[in-house]
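[1] got a structure for you, letters missing:
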């Protein structure tokens, strides 16, 4: 009698909600590296990875929060020692931090029995994360991690926020606010890439100050009247900005009419998202067309007797055409991936709802 082992098929399903959470974390890490530094972004990555375990999705469509404070209170928190557990031990935490006298003495921001919460000390008077065996090295690493987190908190984008002093420091990440920040950043980057730095400066100015006349755009944006008039016209043609006419009297005389320029991030997001969908469709169509040109060569290369023996069964022209197609396909798919990431920022990270409120750092980069 033979022993038979029954093998059951394992059904696996992709959790798209958790994928969106991971993509949002990657976008936030890239943004922090852009404005603060690489080492601090690595610390931020460890913080976000620790929060991902308690974050099932980017937003809950059925959650009812009446105020922003209630929404913030519902967010998960993480402590400094938990961030240290997710952080690579080989990372040089001194990189990206300034040196001063207090830091040279090893007292800047360190968590010691003298400045820790008495309720958080163990029976020997040590911090739970700082044992006697680890000594000064663990204390220094713990303090350096906290300094990097402080940099994240002090940034105008507020990548993290302090909550309490529990276990050496408790922190939260305001994902709804940062999701809007990612959208603002993508909008600005798209406008800068398409129309230049002057156009990006103008939309940031309009977002921060509201509706402005052309002369005010010239004054506050520090651009020439000719350039401002041209850029505003191009942005209006693409649907990124709007022009409103406010007559001073009932005669609606053109000379006595005030022309106000305005920028709506929500409308701009929809316009760019629609353009991105069209670009993705064209990339897929171009991929199919390019593939159809050498379809016979691809079918021949995929035959079982040819795979692994391309040099024997394919001539030089066929191998060159196949190599050129693979390079072109790689470029097209890479561009498609960038467009898909942009759609993720616009559609998947922020709960659909009312128009986007202004950010707290709109005038930056003017």
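    Structure's in. What do you need? What you are looking at is a predicted structure, and each value in this text was computed from that prediction instead of being measured. Numbers count the residues shown, from 1 in each chain.

[2] what's the following helix or strand after the helix or strand containing residue 261?
    Following DSSP states H and E, one finds residue 261 within strand 257-263. Following strand 257-263 in sequence order, the next helix or strand is helix 265-293 (DSSP H and E).

[3] C-terminal to that next one, which secondary structure element comes first?
    helix 295-301.

[4] so for that following helix, mean pLDDT?
    Confidence over helix 295-301 (mean pLDDT, whole number) is 87.

[5] re the thing from before, buried set for the strand holding residue 261?
    Neighbour counts over strand 257-263 (16 or more other CB atoms under 10 Å) mark 260, 261, 263 as buried. In this view, the C-beta of every residue, glycine as well, is placed from N, C-alpha and C.

[6] then stretch 22-40?
    Within stretch 22-40, the residues that qualify as buried by neighbour count (16+ other CB under 10 Å) are 23-25, 27-29, 31-33, 35-37, 39-40.

[7] just the ones of those residues in helices?
    Per DSSP state H, helices hold the following members of the buried residues of stretch 22-40: 23, 24, 25, 27, 28, 29, 31, 32, 33, 35, 39, 40.

[8] distance to residue 150 and pLDDT added to those, as TSV?
    Output for those, formatted as TSV (distance: CB to CB, whole Å; pLDDT from 0 to 100):
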residue	distance to residue 150	pLDDT
23	27	93
24	23	93
25	20	94
27	22	94
28	17	95
29	18	95
31	18	94
32	13	95
33	17	94
35	15	93
39	13	93
40	10	94
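
[9] nearest to residue 234 among these?
    Closest approach between these and residue 234, by CB to CB: residue 31, at 27.2 Å.

[10] if we can go back for a sec, just put the buried residues of strand 257-263 in a markdown table and tack on distance to residue 308 and pLDDT.
    Putting these into a markdown table (distance: CB to CB, whole Å; pLDDT from 0 to 100) gives the following:
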| residue | distance to residue 308 | pLDDT |
| --- | --- | --- |
| 260 | 68 | 93 |
| 261 | 63 | 94 |
| 263 | 57 | 93 |
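
[11] okay if I get those residues as JSON lines plus distance to residue 178?
    Shown next, in JSON lines, are the buried residues of strand 257-263 (distance: CB to CB, whole Å):
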{"residue": "260", "distance to residue 178": "31"}
{"residue": "261", "distance to residue 178": "28"}
{"residue": "263", "distance to residue 178": "21"}
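
[12] out of those, flag the one nearest to residue 179.
    Taking CB to CB as the measure, residue 179 sits nearest to residue 263 out of these, at 19.3 Å.

[13] residues in contact with the closest one?
    Contact analysis of residue 263 by CB atoms under 8 Å, 6 or more residues apart in numbering lists 203, 206, 207, 240, 241, 242.

[14] and these, which are buried?
    Buried among these by 16+ other CB under 10 Å: 203, 206, 207, 240, 241.

[15] next helix or strand past the helix or strand bottoming out on mean pLDDT in the chain?
    Least confident helix or strand, the chain: helix 101-104 with a mean of 42, by mean pLDDT, DSSP states H and E. Next helix or strand after helix 101-104 toward the C-terminus (DSSP H and E): helix 136-154.

[16] what's the next helix or strand after that following helix in contact with?
    On the C-terminal side of helix 136-154, the nearest following helix or strand under DSSP H and E is strand 161-164. Here strand 161-164 makes contact (CB under 8 Å, 6+ apart) with 77, 153, 169, 170, 171, 172, 173, 174.
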